[in-house]
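A.B. asks: Build me a model:
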Amino acid sequence: MKRSFFKAGLIFIVSPIILSLSLVGAHAAKRLNAVVPDWTGGEITCEVAVLILEQELGYKVNQVEFPSGNGAWEAMVGGDFDMMCEHWPSYTEGDTTFIAEFGGDGTALNLGTSGIVGLSDYYVPKYFVDANPGFKGWEDLNDYKDQFATIESGDKGRLIGCPVPGWNCYDQIRLDMLNIDFVADELGSEAASLAEAQGAYKRGEPFLLYLWEPHWAFGAMELVAVGLPENKTCDTWTEADGYKDCGLGFWPATGWAEDHTFNSGRPDFWNDPENADAKKFMANMNLENIHQSTMLALINDTGRSVKDVVQEWKDNNETIWRAWLP
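C.D. replies: Model (predicted):
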């Protein structure tokens, strides 16, 4: 009897240990590394995905700050990251290099649309347009360049340009190709660019600003797009072709296309059957511009964190995000 009792006790003790180890293994299989986008809107989109993956699908997501650009794509393809959020096709060059459906080698995966539709242009404050009725659009910028000049730009106008090199905006090349006598000033971050523009806005000074929609700045400042030339792709404007331009009328001597943004991932991770439900969720995700714009305004107006505001959005919009679950 004693021997039987010992065996029963041993089984009773060991079973929870085995169960615990199996749970640890399952938990480890549900860890993923995600890149935090380096602009607030993209950070919101990614945080929506992260909270749902963690709170509804049982993942532990490690969020990593990494500059946008080809380096981030290469790091993900190399296994450092499992997911990146809200790519804008006009800006990213990794899609045509790494994603098969865009002509790449298949070492990265398109996880589906994020839902956000992006628009980009150069903008001037409305008070500048009101004070200068002869100004109709980008073709007139040179006639007013003195109003946009700074000590640093000399006799040229100044563009508060795309803040991050990895966004591949090609501002100075665009200005030069279109014969716009302005200097593109790259300030290093979204926050620095917007602080510069808001300072000028408060002083009532003219400025030319690169910006995109959706963005909280349109609620804080009245801005008018200059209407850059309609986008047309240049097939030789690639790293492989040495960025050979196609002349006027083609990118980058144009504006940006309307961007239907998407999320990407590492195939080895997302094609694993263990992650099938998460992959379906990412394919179904559809965060609309109005959702992101509302959160952007709240973050800007209150100073609350992205995580806090996105959690509040999730708590109050269950009927929206629950439809994305598998």
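A.B. asks: those strands in the stretch 201-326 of the chain, which residues are they?
C.D. replies: 208-213, 223-225, 259-265 (DSSP state E, counting those that start in this stretch).
A.B. asks: In space, what's closest to Gly219 - neighbours in sequence excluded?
C.D. replies: In space, Gly219 comes closest to Ala297 once its chain neighbours are excluded; the distance is 5.2 Å by Cβ to Cβ, 6 or more residues apart in numbering. Any C-beta I mention is one placed from the backbone N, CA and C, and that applies to glycine too.
A.B. asks: Can you give me the domain boundaries for this structure?
C.D. replies: In terms of domains, the chain is parsed into 2-118+259-324, 119-225 (source: automatic domain parsing).
A.B. asks: burial of the residue nearest to Lys232 when sequence neighbours are not counted, as a residue count?
C.D. replies: Of all residues not flanking Lys232 in the chain, Phe250 sits nearest, at 5.0 Å (Cβ to Cβ, 6+ apart). Phe250 has 18 neighbours, counted by other Cβ atoms under 10 Å.
A.B. asks: do Asn289 as well
C.D. replies: 16.
A.B. asks: Phi first, then psi, for the residue nearest to it when sequence neighbours are not counted.
C.D. replies: In this structure, Asn289 finds its nearest non-sequential neighbour in Pro214, 4.7 Å apart by Cβ to Cβ, 6+ apart. Backbone torsions of Pro214, given as degrees, to the nearest 10, read phi -80, psi 150.
A.B. asks: Can you verify my assumption that Pro214 contacts Met295?
C.D. replies: No. With contacts counted by Cβ atoms under 8 Å, Pro214 stays clear of Met295, the gap being 9.6 Å.
A.B. asks: Looking at the two, which one has more neighbours?
C.D. replies: Met295 (26 against 23).
A.B. asks: Next, the contact list for the more buried one, please.
C.D. replies: 44, 306, 309-310, 313 (Cβ atoms under 8 Å, 6 or more residues apart in numbering).
A.B. asks: again, only this time at 6 Å
C.D. replies: Going by Cβ atoms under 6 Å, 6 or more residues apart in numbering, Met295 touches 44, 309, 313.
A.B. asks: nearest to Pro229, of those?
C.D. replies: Taking Cβ to Cβ as the measure, Pro229 lies nearest Ile44 of the contacts of Met295, at 30.4 Å.
A.B. asks: Do I have it right that that closest one meets Gln292?
C.D. replies: Yes. With contact defined as Cβ atoms under 6 Å, Ile44 counts as touching Gln292 (5.5 Å).
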